[in-house]
Structures are given as C-alpha cells and as structure tokens.
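In: A predicted structure for the sequence below; I have some questions about it.
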Amino acid sequence: MSDERAVNAVQKAIIKHLEDEFPGIESVIDGFPNPNEELEYPAASVMMKDPIMDLAINEYTISKSSVTAPTTGQTGTKSKILRVYGEYTLEMQIDLWAKYKPQLRTLMEDFARLFNPSIGRTGISVQLEEYHEEYVTFTLERFRIVEGDAESQRNEWRAVATVSAGCRAIKEHLEYLMHTVENNIETPDEIEGEDDPSYFGII
C-alpha cells in the first residue's frame, strides 16, 4: 500500500533540488531519456522505484487544523486531522549524463558533495511542498560508471547513482470536534414560594 501523492512529491522535490543546487547541470529529466532524445549536457535523469512502507505500531496525530463549518442538515464542526501511520522508504535511480569522461568525473564529485554537504553529515533534508509540508531525507547509497556499446554509439558518458529517501506516511481525514458549552443559565437569588413550608413538601 502506497500513497501516490507522496511518491510524486518526493520525485518533484529531488528534481527541483537538483535544478537549484547541483552546480553546472544543464537539465534534469523526469524518467529515463528515450534512445533518440537529444540531451543538454551535462544532464541528470530521475527514475523512481516502488516504495516500501513500514506500518507504525501506534498511529499518532501531528496536526489539527482547518476547522470546517457544518453543512446543511449537519450539526457541529469538523477539523482536518493529520496522522502518521508509517514510514516510507523510497529508492530512485539518478543517471548523470556527460559528453566527455572528465566532465562526468566532475559531475560525480559535485553530486557526492551535494548529498554529503559536510564532514560527519550524510544525506540532505528537503521539505515536500505537495505532501503536508513534510520533510524527506535523501541519502546517496552507491555510484557506478556505465561503459558499453550503447554509450559509445551515443558518444556520451553515464554514471548511475542509487539514492534512497525516507519520510513519514501521513493520512488526512476529518473529525468532529468536541466543544465546551458555556452554561449561561442564571440561578435566581430567591426561589418563589420558598418561605412557604408546603412548597418543599413539609406539612
């Protein structure tokens, strides 16, 4: 079970991050390029694999907001509830494309620095604009250079990076809110007839 919205948000986030933060890159492609597609070198392409989700033992609420007014025929108000019900682990293949081998080496070095920005820190955290403002962590797992006949015929150099991403699995639903009702009933200082013993049933 996976949320396509989460997968799409993660893919868009890594593409945007590469476009904004990857130095020297000319284009970032969604998916693997067609054999006859002409690339603007240096380039990168992003392909998502099926996500894996670990269900949480206990779900928990992270947000209550956006109170909605009751509709016709209904009473009470509802609130949008965001609950965490697990963790997503997503794997993607990011291909780096270059016209020359020295250019590819430079791309690989810059790519590795992008995912390891400082000593003692691995991975990068990016906010998902289209998935509840959640944060996803990207980690570079491995790299390899592809050398073969297809690459020779295209007169290009390619490296394949495997990147993993992790974020919380969130579901959204509406719940009725419980309201505290203020008691505005006033108690009189004197009860009419309280001076009459028969009022209290006394004979």
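Out: Yes, it's here.

In: what's the distance between the residue nearest to residue 9 when sequence neighbours are not counted and residue 169?
Out: By the measure of Cβ to Cβ, 6 or more residues apart in numbering, the closest residue to residue 9 outside its immediate chain neighbours is residue 131, 3.7 Å from it. (Each C-beta comes from the backbone N, C-alpha and C, glycine too.) The spacing between residue 131 and residue 169, counted by Cβ to Cβ, to the nearest Å, is 10 Å.

In: same question, residue 49
Out: Going from residue 49 to residue 169 by Cβ to Cβ gives 17 Å.

In: ok, those two, which is more surrounded?
Out: Taking other Cβ atoms under 10 Å, residue 49 and residue 169 do not tie; residue 169 has more neighbours (22 against 12).

In: for that one, pull up the helix or strand it's in.
Out: In this assignment (DSSP states H and E), residue 169 forms part of strand 157-176.

In: ok but residue 80 is inside a strand, no?
Out: Yes - counting by DSSP: H, G, I helix; E, B strand; the rest coil, one finds residue 80 located in a strand.

In: all helices for this protein, in order.
Out: With helices called from DSSP state H, the chain shows them at 4-21, 101-115, 149-154.

In: for burial, what's the neighbour tally of residue 165?
Out: 24.

In: confidence-wise, which helix or strand of this protein is lowest on average?
Out: Taking mean pLDDT, DSSP states H and E as the measure, the chain has helix 149-154 as its least confident helix or strand, at a mean of 57.

In: per-residue confidence at residue 11?
Out: For residue 11, the model assigns a pLDDT of 94.

In: is it true that it touches residue 46?
Out: Yes - checked against Cβ atoms under 8 Å, the pair residue 11 and residue 46 is within contact range at 6.3 Å.

In: so what sits against both of the two?
Out: Both residue 11 and residue 46 are contacted by 30, 92, under the criterion Cβ atoms under 8 Å, 6 or more residues apart in numbering.

In: of the two, which one has the most company?
Out: Between residue 11 and residue 46, counted using other Cβ under 10 Å, the more crowded position is residue 46 (21 against 18).
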